[in-house]
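The following block contains a protein sequence and its predicted model.
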Amino acid sequence: MIDSSNKPIPHLFGAGELGGVCVNQYQGGENLAECLIFGKIAGDNVAKIENEVSSDASTELNGVNDLVTGENEDISVGQNQYLGSSTKGIGGKVVARVTYADNKIKKVEIVENHESEDVAKKALKVVPAEIEKANSVEVDAVSGASATSRAIKEPVSETIKKAKK
């Protein structure tokens, strides 16, 4: 792959169907060889890269990794607020603080999570907002972040059960 200056983009590798004679037609099994060959070429090139990025770079670029910083024990709750947690996410624990009153989910806040910095980030923002809007955990998962979406819904369900007791 090349950038807008026609220079190769470092460490960007492609594999699979990259174009062919069957444009705009259903692709059957005839392209499996192309996928395998370009996948092997990409894998061989990735394997040649040695320690170009320090292990600290991911934390520096993505922010603090909650798995490194540990549990957050200083989460406060106010009136009509409840805490719930789930370990069904990709990264581990997700903690939600839910404000619930008059049989209504007033607010859902993710106060601790260990999810990835990619598509999970979107789910951590979108799913709570959708739960609030629907007043229910029966909302769609974020595509590509179904585990994170489940990990958000579970503590909200848990807190609603606590609130109704």
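Thanks, I have it.

With just CA atoms, put the lengthiest helix in the chain into PDB.
Ordering each helix of the chain by length in residues (DSSP state H) puts helix 146-164 first. Extracted C-alpha coordinates of helix 146-164, given in PDB (Å, rounded to 0.1, in the frame of the first residue of the first chain):
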ATOM      1  CA  SER A 146     -20.500  -7.700  20.900                       C
ATOM      2  CA  ALA A 147     -18.500  -8.900  24.000                       C
ATOM      3  CA  THR A 148     -18.100  -5.400  25.200                       C
ATOM      4  CA  SER A 149     -21.800  -4.700  24.600                       C
ATOM      5  CA  ARG A 150     -22.800  -7.700  26.600                       C
ATOM      6  CA  ALA A 151     -20.400  -6.700  29.400                       C
ATOM      7  CA  ILE A 152     -22.200  -3.300  29.600                       C
ATOM      8  CA  LYS A 153     -25.700  -4.800  29.600                       C
ATOM      9  CA  GLU A 154     -25.000  -7.300  32.300                       C
ATOM     10  CA  PRO A 155     -24.200  -4.900  35.100                       C
ATOM     11  CA  VAL A 156     -27.100  -2.600  34.100                       C
ATOM     12  CA  SER A 157     -29.500  -5.600  34.400                       C
ATOM     13  CA  GLU A 158     -27.800  -6.400  37.800                       C
ATOM     14  CA  THR A 159     -28.300  -2.900  39.100                       C
ATOM     15  CA  ILE A 160     -32.000  -2.700  38.000                       C
ATOM     16  CA  LYS A 161     -32.600  -6.000  40.000                       C
ATOM     17  CA  LYS A 162     -31.000  -4.400  43.100                       C
ATOM     18  CA  ALA A 163     -33.000  -1.200  42.700                       C
ATOM     19  CA  LYS A 164     -36.300  -3.100  42.500                       C
END
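
tell me which strands and helices it is in contact with?
Here helix 146-164 touches strand 81-86, strand 94-101, strand 104-113, helix 119-134, going by 3 or more C-beta pairs under 8 Å, 6 or more residues apart in numbering; DSSP states H and E. For every residue, glycine as well, the C-beta is placed using N, CA and C.

report the angle between the axes of that helix and helix 119-134?
Angular relation of helix 146-164 and helix 119-134 on a 0 to 180 degree scale: 40 degrees, by axes from the mean of the first three to the mean of the last three C-alpha atoms, to 10 degrees.
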